[in-house]
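# This is a predicted model, with the sequence first.
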Amino acid sequence: GPILKIEVSAGTSNVGPVALAQDKKRIIWNIGTKFPRNLEATLNAVVLFGNKITDKVHVDDEFCIGKNAYAQIRFKINSFTFSSCQLDPHSVNTSPNAHYKSNYVTEFAASQYRIWNSFGDAPIALTQNLQNEVSEKKLSQQY
């Protein structure tokens, strides 16, 4: 269900504020640019979810509800270039020609990090042969 509340323990977030997004699906932790000496950012929080999914809330994946839900972590670091990739703002052309002000920002975005509930089911793709074997084993166990 949707996120109802975030309880951040006092003194556990050593950098940046924590907020709940308007869609009630995401927690936004703005770490910022000032890190402690050890370059670690930590956050301890309790997230409270609603019991039911209402009709107003869109479910992206029917599998990922209840005990099968996961937490997805995505982060980005502004003003960071990976493998020295650069863009020259003076080389950007527009058509038709127009006067514009360019704003050049670099960022490093992570891939997907998912934390699954260890007591839930796992989404696994089965080949047809393996599916048949699983079905046959279930039938033989019933009789």
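Happy to help now that I have it. Numbers count the residues shown, from 1 in each chain.
# Can you get me a residue count around Lys24?
13 (other CB atoms under 10 Å). The C-beta positions use only the backbone N, C-alpha and C, and glycine is treated the same way.
# Kindly report the same for Lys25.
Counted with other CB under 10 Å, the burial measure for Lys25 works out to 14 neighbours.
# quick one: Ile28 and Ala21 touch, right?
Yes - with the criterion set as CB atoms under 8 Å, Ile28 and Ala21 qualify as a contacting pair; they are 5.6 Å apart.
# Specify the local secondary structure of His90.
Local secondary structure at His90 is given as helix here, using DSSP: H, G, I helix; E, B strand; the rest coil.
# now it: how far from Arg37?
From His90 across to Arg37, the span is 38 Å (CB to CB, to the nearest Å).
# repeat for Ala19
Relative to Arg37, Ala19 is positioned 26 Å away (criterion: CB to CB).
# do the same with Leu4
When distances are taken as CB to CB, Leu4 and Arg37 turn out to be 36 Å apart.
# of the two, who's got more company?
Neighbours per residue, other CB under 10 Å: of Leu4 and Arg37, the larger number sits with Leu4, 12 against 5.
# Could you pull up the residues touching the closest residue to Asn30 other than its chain neighbours?
Using CB to CB, 6 or more residues apart in numbering and skipping residues adjacent in sequence, the residue nearest Asn30 is Gly16, 4.7 Å away. Contacts of Gly16 were listed using CB atoms under 8 Å, 6 or more residues apart in numbering, and they are Trp29, Asn30, Ile31, Gly32, Ala41.
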